[in-house]
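Colleague: Quick one, fold the following:
(chains A, B, C, D, E and F, ligands or ions: 12)
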Amino acid sequence: MENSVSEAKDIITSYHGPNLRIMEVCGTHTHEIFRLGIRKLLPESIRLISGPGCPVCVTPVGYIDEAILLALKHHAVICTFGDLIRVPGSEMSLAGARQQGAEIKMVYSPLDSEEYAKEHPEKNVVFLAVGFETTTPAACLAVKKARKDGLQNYSLLVANKTMPNAYLALKDSADAFLYPGHVNAIAGTAVCEELVKKGISGVVTGFTAGELLTALAVILKLSASGKPFFRNCYPRVVRPDGNPAAQAVMREVMEPCDTEWRGLGIIRGSGLRLREPYHSFDARLRYALPKITGHSSLLCRCGEVLQGKCRPNDCKVFGTGCTPQHPIGACMVSNEGACSAYYQYGGTENG
Amino acid sequence: MENSVSEAKDIITSYHGPNLRIMEVCGTHTHEIFRLGIRKLLPESIRLISGPGCPVCVTPVGYIDEAILLALKHHAVICTFGDLIRVPGSEMSLAGARQQGAEIKMVYSPLDSEEYAKEHPEKNVVFLAVGFETTTPAACLAVKKARKDGLQNYSLLVANKTMPNAYLALKDSADAFLYPGHVNAIAGTAVCEELVKKGISGVVTGFTAGELLTALAVILKLSASGKPFFRNCYPRVVRPDGNPAAQAVMREVMEPCDTEWRGLGIIRGSGLRLREPYHSFDARLRYALPKITGHSSLLCRCGEVLQGKCRPNDCKVFGTGCTPQHPIGACMVSNEGACSAYYQYGGTENG
Amino acid sequence: MDNTVTLAHGAGGKQTSQLIDSVFKAHFANPDFTADDAAVLQVDSGRLAFTTDGFIVSPYEFPGGNIGKLSICGTVNDLSCMGAKPLYLACSFVIEEGFPLDKLEEIAAAMEKTAKEAGVRIVAGDTKVAGKGQVDHIFITTTGIGRLMDCAHTSGKYAKPGDAVIVTGDIGRHGCAILLARNEFGIDADVTSDCAPLWGTVKKMFDTTDQIHVVRDATRGGVGTVLYEIADQSHVGIQLDAQKIPVAGEVSGVCGMLGLEPLYLACEGRLVVFVPKEQAQAVVDTLHQCPYSKNAAVIGEVTADMPGKVVMKTEIGLQTLLPQPGGELLPRIC
Amino acid sequence: MDNTVTLAHGAGGKQTSQLIDSVFKAHFANPDFTADDAAVLQVDSGRLAFTTDGFIVSPYEFPGGNIGKLSICGTVNDLSCMGAKPLYLACSFVIEEGFPLDKLEEIAAAMEKTAKEAGVRIVAGDTKVAGKGQVDHIFITTTGIGRLMDCAHTSGKYAKPGDAVIVTGDIGRHGCAILLARNEFGIDADVTSDCAPLWGTVKKMFDTTDQIHVVRDATRGGVGTVLYEIADQSHVGIQLDAQKIPVAGEVSGVCGMLGLEPLYLACEGRLVVFVPKEQAQAVVDTLHQCPYSKNAAVIGEVTADMPGKVVMKTEIGLQTLLPQPGGELLPRIC
Amino acid sequence: MCVGLSARVIDVNDGTALIDASGAKRRISAELIDDLEPGDYVMVHAGIAIAKITDSDQDETNKIMEKL
Amino acid sequence: MCVGLSARVIDVNDGTALIDASGAKRRISAELIDDLEPGDYVMVHAGIAIAKITDSDQDETNKIMEKL
Ligand code: SF4
Ligand code: SF4
Ligand SMILES: [Mg+2]
Ligand SMILES: [Mg+2]
Ligand SMILES: [Mg+2]
Ligand SMILES: [Mg+2]
Ligand SMILES: [Mg+2]
Ligand SMILES: [Mg+2]
Ligand SMILES: [Mg+2]
Ligand SMILES: [Mg+2]
Ligand SMILES: [Mg+2]
Ligand SMILES: [Mg+2]
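Modeller: Ligands and ions are numbered 1, 2, ... in the order given. All right, here's what the predicted structure looks like:
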């Protein structure tokens, strides 16, 4: 291991400061930290909290119900990232709908779903648009392309979200945030600087072992001062102004709205929807979907888990009733979900 | 065997009169005569000719092409009697189209195809209406029912035919006809009486061993006089006036037209088509089918076979290039076809 | 566990093992059943029979059985027809995503019961899950190992002029039951499949005489097809008597309606047996005492002339070729 | 003959025999191949291995092989993993109406070639034709009989603390090649399947040492799944070294794009081998001389602690559980 | 041309008849036959009754041969 | 949140880029990145290039730790 990284490791293992709650907002951070075994390095005084940064985890039950209605009732071909396939809706997941004959197609990119719709004019295609700032531009490019191509058979079921107001909502759950590097690659770092003014600390970082260890070391060092701080530890990808072209396309195609986060409730202005010129690509309007309120399990403590109010293994059904094979709550579904990561990497034993 | 039948058998085996050409018009007669081994009873002087009474055999190539166009281009569900499945069109049979994804559904009754259309409003259903007087009333009942049920997704590709003008066309091919009992069950026997006036002889008969032997015996006996004759040897099913209700429904729904018989060419007034009030159920009109001229094999001597001008095994490709598994001509396709019967029952050896 | 089979059940991980444990191991348990890549079988030297068959019946349940029972009978009977006592079976499943687990359970239970009756052990298996629409509900392939009795020398090649042709029961029931179960033609008739494991029956025949030349189960293509095969393999003629062929009234009725011939409808529990004429009555007597061959009958004999052909004596005493089957069965109106 | 498989080919009559003769008999000809209900095999007393597998790969052709080659390799390898020399195979085909005959021919040719290489005889078969849409092109089930070498006592149960864990080549190629061949994600990479018959390789390992505790082919679910199975069956822990696991760059690249883990991708020509640490180098040396195991490597060892678990030493020297696989592989963005 | 099946009528109802041929039953159209009653025999083709059957094969042929 | 893949640009054409990650190639959208050239490294997510990569992981962390 190179020098700087072993130095970071030393800083972490030799930490003797006050208790610190660090929230990794991004599910991919959660996953990589577990995968690399980094949690085992941390002294007792440092607690990692897996926040709401997995779009699958925070997508409400009703959204899955809407997608299933489109597939089974309106015979739409559902194009989706693989992540959503096993997320439980009120009655079934998309995998369950597929068993009943729904056409569910996994795509790597929203642009591929647009391409598929173009090649299959006889089918109605709906792309399930979930994700944060990182993913939204791709969905926006797809809609723009569909308009340019004059597609009549393509639409989006939009549940995209933005992070800033979520940080505010989670302000008290952590002493510092590991900001999601790829969100900031789009959004830039001004948001984080702003948060410092509101007393919120954090660092932006990447996803390699070195980047993660370095970022943690930086947090420990900077926390010592007791003052709110921000540091961009991922400058090779994250520019202060982010990706202006991506921001522009998002602004052109989508506008903010209030939205529900599974487990956290409604966060004002944290959602996105298609702007008026793109309404013909809005699956909810095109298929005149009714307002759907999903029913999530009463047992699930995801909301608390996402806020660090409890650990996954504090949940009564963790690992027994709720497993990745048979998830009850959203955090158990996605690979990146906090409960899933705890379960898979033996959170009960060494997490 | 009961007495009357062995008596008939005796009459046949001991026949010493002049050469006689008897045409069994009906494919089911052809088939039963072969199946029972009756041909072996006949003395050299009696020759059985298998006439054009198999609707499958006389349906022109272009008809199959039309059905395939409906299935593959217009994505219609084709409902058909099993008989038509393997009949070669210009490029492929319905079985071949099915391999390419065409939906082909076998039905026992035209009424079942109407029922199917009613139960599947999302599908376009086309029934392949072939057959003579026996079969046509069922198709007519189905159309009437579809109109009553208000079906928008049901139509018929009509190639129904009537016999009287065919007898006239075949007048010189035979000394006597075995008339098709079930056609006469609908049409009655007046037609046959009329034919006597035109010098055409024949008997109506049924399909059991006894009925067939008796009918042949009757022909041999009555031929002795040298005068044209008619006898109804199937009175338990065939009434002089036939089935007036069936005649009425045919008249109500369909009207005569000229039509092509595979192998025989166009016979005036021997075809049927839907009358104007039923035009919305005419698949040709509904799907605006182009005029299709099918291409049948130049090798095939079906036309001559059907007229008794040659035997199946006089055809160069009989049993080699043309077999029931790989029919070249129509007469090899249907179980009832003359070439098929010759082939299957070893016509080369004992036919 | 969910109540349907999912792709996850086929992915080879935990859920695959759970499915295998809860459904297959539960029913197939026996000392030779393997959890490893292969079963290990201790065998004595001698002649083994080895056969495989795929089962793709639609619908997978029908009056008289289901695809599970069928898949055991088919392979047990193929072994039995060689004069081989069925010993071991391997069963391979391909299941469509969404298949109901309780149905899978019923299928496994039928397999267990039928294997027990036949005295055969299921020792190895495999389970694959195919995506929705990639397989029609469920396919099963069974492969069997049997031990040939020393006295057994039967083959489609050994039919001899002078042999009597025996059929062990009324024909065409299975094909007819399946046709009706598909419910495509609106016909209703009380026809159950003849599907049955016939090792016991075959064993008793061999106990009666060791001069059994041919035993064949008249499955795909029916009795007519099998007789043509034998006529061809043995270079003999076969002469049938139409009036001696046992056919249930309901089966005749259905065939009459659809223009089909019972001789070409599949059986799954009927054997065609060739023995010297002199032994025929004794064999038929034996068959009449076995549970699945109460209607056994001599239906014809083997001739030296017309080799490769099957000739039918019709109801009016005339002889005619039996048409050689070929192609799918198509109900017809003309 | 037509140029596609038709339902008539599956109806059991003339056309069925023609298909069997022209495609299968032509390729599988050998003295034990049967035209009867079952093959008759003369065997010596001893231990036989018996295994079956269904193959439903989509697409049925892929870089490095086709379903025919795969179906022989799969069963040959399952026998080989028992330390059994593959002797006989039975092959059962379910073919979709409309399947191109030239493709069937290619598949049969690949089976012939692979069986020859593995020294195994195809002696029995079955062919069914399913209607359009009832099966995804073609399924093959192969069932094999092998003779266990006297020295062979391998099983998933025999892993012991102190054993080295060897993998015979870079992992995940087959799963990755199939994923790419489906062409669903627009990714292009030069990845061929590792599909190969491994009896020769296994034989050489046994010639090197008779202390081979476990041999498993890492097929469905990949190396990760197989290691968990063995940890479970043997009640031991397995510790892997992430940096020692051979993975082709292209496979890593594809996995990176789709968020997949090579350890869970299927191999069809890779074995996981457990031998005492002391024998490991000799076995690896032997493997390096075999055609399909040039990249063989020790990737970990067996421990007494953490029984039932697989632990990974990560690139930064920390230890963490390998997540237990389960469920279908889903490409992901988060 | 026209496989016919002789069958016994079991019941008649609203233009349809349930028929029985050696135990094979099916509901067919009886619209084209007047005065159909249970116990009657009919000739069936393509799902419709095309004629009542008034006699047995044997009696019929006997009468015909007598007349000859 | 957002699996990213670091990949090398092989060619750029009409708003798209062909990228290579250890031999896995795919054409992605390059619409949101200016001045992309063959040889550049980009961060790819869901089929689009979201950022140019200007440095290696190692150099980056070295600089950060130095500054600390
Ligand atoms: S273990 Fe399951 S039910 Fe409990 S909080 Fe986590 S996801 Fe919700
Ligand atoms: S044998 Fe074939 S080609 Fe010749 S006349 Fe008959 S149907 Fe036509
Ligand atoms: Mg077999
Ligand atoms: Mg069999
Ligand atoms: Mg058999
Ligand atoms: Mg297996
Ligand atoms: Mg299906
Ligand atoms: Mg196996
Ligand atoms: Mg295997
Ligand atoms: Mg294996
Ligand atoms: Mg077979
Ligand atoms: Mg398909």
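
Colleague: what number of residues lie near the residue of the stretch 101-250 of chain A found nearest ligand 1?
Modeller: Nearest residue of the stretch 101-250 of chain A to ligand 1: A:Ser173, at 15.5 Å (C-beta to the nearest ligand atom). C-beta here means a position set from N, CA and C on the backbone, and glycine is covered the same way. Counted by other C-beta atoms under 10 Å in any protein chain shown, the residues lying close to A:Ser173 total 18.

Colleague: before we move on, what about A:Ser14?
Modeller: Count around A:Ser14 with other C-beta under 10 Å applied: 9.

Colleague: returning to that earlier point: my understanding was that the residue of the stretch 101-250 of chain A closest to ligand 1 contacts A:Arg47; is that so?
Modeller: No. Contact criterion C-beta atoms under 8 Å: A:Ser173 and A:Arg47 do not qualify, at 10.9 Å.

Colleague: Which parts of the stretch 201-334 of chain C are strands?
Modeller: Assigned by DSSP state E, counting those that start in this stretch, the strands in the stretch 201-334 of chain C fall at C:214-217, C:237-241, C:271-276, C:297-303, C:310-313, C:319-321.

Colleague: Identify the contacts common to A:Ser173 and A:Arg47.
Modeller: Residues touching both A:Ser173 and A:Arg47 (C-beta atoms under 8 Å, 6 or more residues apart in numbering or on different chains) are A:Arg21, A:Gly308.

Colleague: Quick check: can you list the domain ranges of chain A?
Modeller: Listed by automatic domain parsing, the domain ranges of chain A are A:1-300, A:302-344.

Colleague: which stretch in the ones you listed has the least confidence?
Modeller: Of all the domains of chain A, the minimum mean pLDDT falls on domain A:302-344 (a mean of 86).

Colleague: can you tell if that domain touches chain C?
Modeller: Yes. Applying C-beta under 8 Å from any C-beta of the partner chain, one finds domain A:302-344 in contact with chain C at A:Gln325, A:His326.

Colleague: all helices of the stretch 51-200 of chain A, in order?
Modeller: Remark: helices assigned in the stretch 51-200 of chain A by DSSP state H, counting those that start in this stretch are A:55-58, A:61-72, A:94-99, A:110-119, A:136-148, A:164-170, A:181-187, A:190-197.

Colleague: So which residues make contact with the longest one?
Modeller: By C-beta under 8 Å, 6+ apart, the surrounding residues in contact with helix A:136-148 are A:109-111, A:113-114, A:117-118, A:127, A:129, A:131, A:154, A:156, A:158, A:160, A:186, A:243, A:246, A:249-250, A:252-254, A:272, A:274, A:278, A:281, F:29, F:31-32, F:45-48, F:50.

Colleague: Just the buried residues of it, please?
Modeller: A:Thr136, A:Pro137, A:Ala138, A:Ala139, A:Cys140, A:Leu141, A:Ala142, A:Val143, A:Lys144, A:Lys145, A:Ala146, A:Arg147 (16 or more other C-beta atoms under 10 Å in any protein chain shown).

Colleague: picking that back up, packed most tightly, which of the domains of chain A would that be?
Modeller: By mean neighbour count, with neighbours taken as mean count of other C-beta atoms under 10 Å in any protein chain shown, domain A:302-344 ranks first of those at a mean of 23.

Colleague: gap between it and the chain center?
Modeller: 15 Å (C-alpha atoms, centre = their mean, to the nearest Å).

Colleague: can you tell me the distance between the two ends of it?
Modeller: Chord length of domain A:302-344, first to last residue, is 17 Å (C-alpha to C-alpha, to the nearest Å).

Colleague: Kindly report the same for stretch A:243-260.
Modeller: 26 Å.

Colleague: Please see if that stretch touches chain F.
Modeller: Yes. Under the criterion of C-beta under 8 Å from any C-beta, chain F is reached by stretch A:243-260 at A:Asn243, A:Ala245, A:Ala246, A:Val249.

Colleague: Just the angle for whatever helix or strand the last one lives in relative to helix A:136-148, thanks.
Modeller: Element membership of A:Val249, judged by DSSP states H and E, is helix A:244-253. Helix A:244-253 and helix A:136-148 are oriented at 60 degrees to each other (axes from the mean of the first three to the mean of the last three C-alpha atoms, to 10 degrees).

Colleague: Identify the residues contacting helix A:244-253?
Modeller: So helix A:244-253 is contacted by A:133, A:136-137, A:140-141, A:143-144, A:186-188, A:272, A:274-275, A:278, F:31-34, F:50 (C-beta under 8 Å, 6+ apart).

Colleague: same question, stretch A:112-119
Modeller: By C-beta under 8 Å, 6+ apart, stretch A:112-119 touches A:77, A:79, A:105, A:107, A:123, A:125, A:127, A:142-143, A:145-146, A:149, A:151, A:153-154, D:185-186, F:47.

Colleague: Could you tell me which of those belong to strands?
Modeller: A:Val77, A:Cys79, A:Lys105, A:Val125, A:Phe127, A:Tyr154 (DSSP state E).

Colleague: For the third one, name its beta-bridge partners.
Modeller: On DSSP bridges, the residues paired with A:Lys105 through beta bridges are A:Cys79.

Colleague: got the contact list for it?
Modeller: A:Val77, A:Ile78, A:Cys79, A:Thr80, A:Ser113, A:Tyr116, D:Glu184.

Colleague: farthest pair in those residues?
Modeller: A:Ile78 and D:Glu184 (14.5 Å; C-beta to C-beta).

Colleague: Point out where chain E drops to low pLDDT.
Modeller: E:1 (pLDDT under 70).

Colleague: how about C:Leu87, secondary structure?
Modeller: strand (DSSP: H, G, I helix; E, B strand; the rest coil).

Colleague: Report the contact partners of it.
Modeller: The contact partners of C:Leu87, by C-beta under 8 Å, 6+ apart, come to C:Leu41, C:Val120, C:Arg121, C:Gly144, C:Ile145, C:Gly146, C:Arg147.

Colleague: Check whether the third one really touches C:Leu41, as I assumed.
Modeller: Read it as C:Arg121. No. Using C-beta under 8 Å, C:Arg121 is not in contact with C:Leu41, being 9.2 Å away.

Colleague: any common contacting residues for these two?
Modeller: With C-beta under 8 Å, 6+ apart as the test, C:Arg121 and C:Leu41 both reach C:Asp32, C:Leu87, C:Tyr88.

Colleague: Okay, now the unreliable bits of the stretch 1-150 of chain C?
Modeller: Looking at the stretch 1-150 of chain C by pLDDT under 70, you get C:1-2, C:35-36.

Colleague: Please, where are all the strands along it?
Modeller: Under DSSP E, counting those that start in this stretch, the stretch 1-150 of chain C gives strands at C:39-43, C:46-55, C:61-62, C:65-66, C:84-96, C:121-130, C:138-148.

Colleague: ok, for C:Val129, nearest residue in space, not its chain neighbours?
Modeller: C:Gly10 (2.7 Å; C-beta to C-beta, 6 or more residues apart in numbering or on different chains).

Colleague: residue contacts, the one you found?
Modeller: Applying C-beta under 8 Å, 6+ apart, the residues near C:Gly10 are C:Thr16, C:Ile95, C:Thr127, C:Lys128, C:Val129, C:Ala130, D:Arg220, D:Glu328.

Colleague: With D:Leu329 as the reference, measure out to it.
Modeller: To D:Leu329, C:Gly10 is 11 Å away according to C-beta to C-beta, to the nearest Å.

Colleague: in the stretch 251-351 of chain A, which spans are strands?
Modeller: With DSSP E, counting those that start in this stretch as the criterion, the stretch 251-351 of chain A has strands spanning A:254-261, A:265-274.
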